[in-house]
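Trainee: Sharing a model prediction with you, sequence too.
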Amino acid sequence: MDGNDGVIIKVDPQRMEQQANDINDDVENMKSNALAMISEINSMKSYWKGEASDLQQQQFASLIDELQQMYMLLQKYPKDLLTLVEGFTQNEIRNDEEANSLRKPSYNMG
């Protein structure tokens, strides 16, 4: 046996592509919301002064770094899915072409 034990993986490239687009939209929405939050917190600097403000700003600065790292990681997922879709589609095209080339022509003798 080839090690697959009869396992068949069904892939729907259109569905994967839609999922990639949905994930990308969600990631972009997350980025937009994070930028709005950053803007709001930065605007508080003009009226919130003192030690508590300084501490909050420091904590928020470290959170911004974490948000940027998370965004960069999440941004890769839809791209990876689209790469998989492209590879799968190309393999299917090659498989179809090879299968068609192996078919024997039928002759009608009648």
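Mentor: That came through, no problem.

Trainee: just checking, Asn21 touches Lys79?
Mentor: No. Asn21 lies out of contact with Lys79 (C-beta atoms under 8 Å); the separation is 11.3 Å. For every residue, glycine as well, the C-beta is placed using N, CA and C.

Trainee: Name the residues contacting each of these two.
Mentor: By C-beta atoms under 8 Å, 6 or more residues apart in numbering, Asn21 and Lys79 have no common neighbours.

Trainee: Now Phe12. Its backbone dihedrals?
Mentor: For the record, residue 12 is Asp, not Phe. With angles defined as degrees, to the nearest 10, Asp12 sits at phi -110, psi 100.

Trainee: Apologies, that question was intended for Asn33.
Mentor: Per-residue torsions, Asn33: phi -60, psi -40 (degrees, to the nearest 10).

Trainee: how near is it to Asp26?
Mentor: Per C-beta to C-beta, to the nearest Å, Asn33 is found 11 Å from Asp26.
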